[in-house]
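# Predicted structure and sequence below. I'll ask about it afterward.
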Amino acid sequence: MQDREAGEATTRIGFREFVGLMAALMATQAIPIDAMLPALPAIARTLGIDDENHGQWIITAYFVGLASGQLCWGVLSDRFGRRPMLLLALALYVLAAVLCGLATSFTSLLVWRAVHGLAAAGIVVVRSIIRDLYSGRHMARVMSLCFIVFLMVPVIAPSLGQLALLIAPWRHIFLLFGTFGAVVGVWTLLRLPETLHPEFRRTMHLAPLWSATRLVLGTRLSICYTLAQMTLFGTLVSYLGMVQQIFNTVYQRPALMPTVFALCAIAVGCTSFLNSRFVERFGMRTISHAGLLAFIAISAVHVVVALAHAEPLWLFVVLQSGTLAAFGLGLSNFMAMAMEPLGSVAGIGAALQGFVSQFFAALIGALIGRQFNGTLVPLAGGALLCGLASLGFVLLAERGKLFRAHHTDDHLTANGAHGAALSTVDPH
């Protein structure tokens, strides 16, 4: 009966709605970061945080929970299916958001922020669902389309957060997070079919899990591109942690933060859109490797300008937008290439990759963010070092050669192991 109901549901969801729902699920994890950035100073005052750099722990705690949660959701989704795990995670998401809003101490807020991040299925299971249905350049295109919608969140979320602060205390922002999670949960319940075919469900026994773990960690492309993601993502975490302080301390214009943040996010959205249009023509490696080299070059210029203390606000917007635009060309393709060898273990694969890339990215971002000294040097210098480290991992993945064509770039499993699942979503 369940399978028949799922089959009926699949006939109702088309490709555009599928991409929109996947993006909305991903957005549930981005909104609790971006919308609350304007509230960090108010939270610090209310909860008695003396050192402004300590306020960055509110961001770090969320990322630590987000990374850790991926281990359980990925394994559970491989065993019990994608759809029920999404619904369970969204329920936890709503509960944690409400409890964050009710927190009375900095410690309790950090605990519930970590739990809020623990509801990480909006990223892990979404990637597994996409991998259930697509592979190669087609998977990269779908991920890029989701990423475009997903990246609209940082364009509007800080402004929404600042608007919310004008009409209500900061605690109400968390209630908005819970409301959004509930809406997406209802959409998922009513429209999303199960994409994991019953014959591909894995047991909870230790031996198969260990075998899958060895495949994920022992496959050169998987682990190297995961580490490349990790270092790039660390720069984003550091930026999120420092951006409000930069506008408060360096430019002393905190009201402009949402606008500038949106401009930088638009740059990422544009490059992600271009990636979705051209990745099938030029390939993931050509685009992502070029993007990574551009990221390093722009970061190097940013370091020089920051050291000279000659960076007016307009130049900061140009350089940071350029850095993030190059970031957008790399990250979604790195994700796709890391997942490419893991079709048979997509759930645990996405979980392990997500844990490694995001948990350690949170630590990298925290380390960079704690160096904030009232200048832009820590932000620019951290981005350059992370870009160089990411390049090192890419060179390991590609045996020292960039832009090398790879046969999996053109592979699509429309008639492969997941062909039955592919037929459940209208590709047009």
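Arrived safely, thanks for sending.
# For residue 112, which residues are in contact?
Contact partners of residue 112, counting by C-beta atoms under 8 Å, 6 or more residues apart in numbering, are 96, 99, 100, 103. For every residue, glycine as well, the C-beta is placed using N, CA and C.
# no, scratch that, I was asking about residue 359
Residues counted as contacts of residue 359 (C-beta under 8 Å, 6+ apart) are 63, 64, 67, 68.
# Name the helix or strand for it, please.
If you go by DSSP states H and E, residue 359 is part of helix 346-369.
# what comes into contact with the next helix or strand after that helix?
Using DSSP H and E, the next helix or strand after helix 346-369 towards the C-terminus is helix 377-397. Helix 377-397 has contacts (C-beta under 8 Å, 6+ apart) with 220-221, 224-225, 227-228, 231-232, 234-235, 238-239, 242, 246, 288-289, 292-293, 295-296, 299-300, 302-303, 305-307, 319, 323, 330, 337, 364, 368-369, 371-372, 401-402.
# ChimeraX command to pick out the buried ones of those?
Burial among these is assessed by 16 or more other C-beta atoms under 10 Å; the matching ChimeraX selection reads:
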select :221,224,225,227,228,231,232,234,235,238,239,242,246,288,289,292,293,295,296,299,300,302,303,305,306,319,323,330,337,364,368,369,372
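# Send me stretch 351-360 as PDB with only the CA atoms.
What follows is stretch 351-360, C-alpha atoms only, in PDB (Å, rounded to 0.1, in the frame of the first residue of the first chain):
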ATOM      1  CA  ALA A 351      26.700  11.400   5.400                       C
ATOM      2  CA  LEU A 352      30.400  10.700   5.800                       C
ATOM      3  CA  GLN A 353      31.300  13.300   3.200                       C
ATOM      4  CA  GLY A 354      29.100  15.900   4.800                       C
ATOM      5  CA  PHE A 355      30.500  15.200   8.300                       C
ATOM      6  CA  VAL A 356      34.100  15.400   7.200                       C
ATOM      7  CA  SER A 357      33.600  18.500   5.100                       C
ATOM      8  CA  GLN A 358      31.400  20.500   7.400                       C
ATOM      9  CA  PHE A 359      32.600  19.500  10.900                       C
ATOM     10  CA  PHE A 360      36.200  20.300  10.100                       C
END
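# picking up where we left off before, quick one: the helix holding residue 359 to helix 377-397, angle?
Here helix 346-369 points in a direction 140 degrees away from that of helix 377-397 (axes from the mean of the first three to the mean of the last three C-alpha atoms, to 10 degrees).
# picking up where we left off before, for the contacts of residue 359, which one is nearest residue 283?
Within the contacts of residue 359, proximity to residue 283 (C-beta to C-beta) peaks at residue 67, which comes in at 29.2 Å.
# my guess is the closest one contacts residue 353, does it?
No: counting by C-beta atoms under 8 Å, residue 67 stays clear of residue 353, with 10.5 Å between them.
# Going by neighbour count, which residues of the particular helix or strand that has residue 148 in it are buried?
In this structure, residue 148 sits in helix 136-150 according to DSSP H and E. Going by neighbour count (16+ other C-beta under 10 Å), the buried part of helix 136-150 is 136-150.
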